[in-house]
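Peer 1: Please find the sequence and the predicted model below.
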Amino acid sequence: MSRPKLILGSGSPRRAELLGQLGLVADDIRPPDVDETPEKGELPLTYCRRIAASKAAAMSVATDEVVLCADTTVALGRRIMGKPEDAAQAAEFLLALSGRRHRVITSVVVRNTTGTWARDVVTDVKMKRLSNEELNGYLATGDWQGKAGGYAIQGPAGAFIPWIQGSYTAVVGLPVAETAGLLQAAGFPLYGAET
């Protein structure tokens, strides 16, 4: 029996690269169009779960397909730090995170025609206190664009993160170990299976 097709419900090149760590290449990439606006008073974990589940629910799934969707959220206390709209907002986020611990939450949802499997991974991250020179130098790279919280641990901002507790790949955008488990639960063979 041939394996099902793997459909990545994300346009993130980072998620595609992390799938590569499992030896997988998505058969198709179909990012769903989902409103990612937080609801009033919504807590970060609840928000992240809802967005990942909404992405998976918005996708049509054929009988020979397994869909993988995820959402990554940066949380400072109860505050959700999404993707900054501009450099000024990126600076605001980074200054708020500077010298403090925060959480990076990634929710992963795997779905086929018979079921849905979901997992949340919460990682504690410490950002060093940023000097004006570091902050302005980072903003000038443009690496903050499209990144939750205004930074990416795998880019130049990695120099600002001396400590994490949890999953590095979840902070990048897809927790590899947990994703492998979800795919296997959905009947997607990972190791030594026919392709």
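Peer 2: Cool, the structure landed. This one's a predicted model, so the numbers in the text were calculated from it and none came from an experiment.
Peer 1: drop to CA atoms for contacts and neighbour counts, all remaining ones
Peer 2: OK.
Peer 1: Now do the strands in the chain.
Peer 2: 5-8, 28-29, 65-76, 79-81, 101-111, 116-126, 163-165 (DSSP state E).
Peer 1: What is the burial count for the closest residue to L19 other than its chain neighbours?
Peer 2: Once flanking residues are discounted, L19 sits nearest to V25: 6.6 Å by Cα to Cα, 6 or more residues apart in numbering. By other Cα atoms under 10 Å, the residues close to V25 number 17.
Peer 1: swap in the one 3 residues further on?
Peer 2: Residues lying near D28 (other Cα under 10 Å) number 13.
Peer 1: The residue nearest to L19 reaches A16, doesn't it?
Peer 2: Yes - the pair V25 / A16 is scored as a contact, 7.2 Å apart, by Cα atoms under 8 Å.
Peer 1: sorry, back to before: can you pull the pLDDT of the residue nearest to L19?
Peer 2: Note for V25: predicted pLDDT of 94.
Peer 1: can you check S2 too?
Peer 2: 77.
Peer 1: ok, and what's touching the helix ranked longest in the chain?
Peer 2: Criterion DSSP state H: the longest helix present in the chain is helix 44-57. With contact meaning Cα atoms under 8 Å, 6 or more residues apart in numbering, helix 44-57 is reached by 9, 31-34, 36, 38-39, 67-75, 78-80, 105-111, 120.
Peer 1: ok, R15 to L94 distance?
Peer 2: The spacing between R15 and L94, counted by Cα to Cα, to the nearest Å, is 23 Å.
Peer 1: Run through the bridge partners of R119.
Peer 2: Judged by DSSP bridges, the bridge partners of R119 are V108.
Peer 1: What is the neighbour count of it?
Peer 2: If we define neighbours as other Cα under 10 Å, then R119 has 17 of them.
Peer 1: shaky segments in this protein?
Peer 2: Residues of the chain that meet the criterion pLDDT under 70 lie in 1, 192-195.
Peer 1: let's go with 50 and repeat that
Peer 2: For the chain, the stretches with pLDDT under 50 are 194-195.
Peer 1: burial measure for A62, as a count.
Peer 2: Number of residues near A62 (other Cα under 10 Å) recorded here: 12.
Peer 1: With just CA atoms, put stretch 175-183 into PDB.
Peer 2: The C-alpha trace of stretch 175-183 is given here as PDB (Å, rounded to 0.1, in the frame of the first residue of the first chain):
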ATOM      1  CA  PRO A 175       8.200  20.600  16.900                       C
ATOM      2  CA  VAL A 176       9.800  17.700  15.000                       C
ATOM      3  CA  ALA A 177       9.400  15.000  17.700                       C
ATOM      4  CA  GLU A 178       5.800  15.700  18.400                       C
ATOM      5  CA  THR A 179       5.000  16.100  14.700                       C
ATOM      6  CA  ALA A 180       6.400  12.700  14.000                       C
ATOM      7  CA  GLY A 181       4.200  11.200  16.700                       C
ATOM      8  CA  LEU A 182       1.100  13.000  15.300                       C
ATOM      9  CA  LEU A 183       1.800  11.800  11.700                       C
END
